[in-house]
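Peer 1: Quick one: sequence and predicted model below, then my questions.
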Amino acid sequence: PDAIADLLANEQVCNRLLEELPEDQRTLEHLEANLRSPQVQQTLRSLTSALIPDDNGSMEGYHSVLANFQLDAAAGQRTLETTNNPIQAFLDCVLASVEKEEEETKDEEMKED
């Protein structure tokens, strides 16, 4: 719940997430309802479970999730080494991927101009 409240408090994040909703549902009320839905909550629990080491300490699930989303593991490596937090490391990988995509888009736009 706190993480959702933090997301909803960030206007830039809200605007980006609203773009992903169907056109007739692009309101903060619909966004909050979607984020708090049992389906999203269960998906987040499943993702969290896949990211954390199993009972034997294996990080196979974490690496499998990164491969599935085609994320660069190097982007989260420092976080794993310093905090041993695979969830934060995953988020670092996602952020690095988004930043790379935005940079590539800017480069393409500059080439077109």
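Peer 2: Thanks, I have it. Residues are numbered from 1 along each chain as shown.
Peer 1: Helix, strand, or coil at residue 24?
Peer 2: Using DSSP: H, G, I helix; E, B strand; the rest coil as the criterion, the local structure at residue 24 reads helix.
Peer 1: biggest helix in the protein by residues?
Peer 2: helix 86-112 (DSSP state H).
Peer 1: Which strands or helices does it pack on?
Peer 2: Here helix 86-112 touches helix 38-51, helix 60-68, helix 74-83, going by 3 or more CB pairs under 8 Å, 6 or more residues apart in numbering; DSSP states H and E. Placement of C-beta: from N, CA and C, glycine included.
Peer 1: least trustworthy helix or strand in the chain by mean pLDDT?
Peer 2: One helix or strand of the chain scores below all others by mean pLDDT, DSSP states H and E: helix 2-9, with a mean of 83.
Peer 1: next helix or strand past that helix?
Peer 2: helix 11-18 (DSSP states H and E).
Peer 1: for that next one, the distance to its chain's centre please.
Peer 2: 13 Å (CA atoms, centre = their mean, to the nearest Å).
Peer 1: Helix 86-112 and that helix, what's the angle between them?
Peer 2: Interaxial angle of helix 11-18 relative to helix 86-112 (axes from the mean of the first three to the mean of the last three CA atoms, to 10 degrees): 80 degrees.
Peer 1: Give the buried residues for helix 11-18.
Peer 2: Buried residues in helix 11-18, counted by 16 or more other CB atoms under 10 Å: residue 17.
Peer 1: Report all helices and strands that the helix or strand immediately after that helix in the chain contacts.
Peer 2: Moving toward the C-terminus from helix 11-18, the next helix or strand (DSSP H and E) is helix 28-35. Counting by 3+ CB pairs under 8 Å, 6+ apart, the packing neighbours recorded for helix 28-35 are helix 2-9, helix 11-18.
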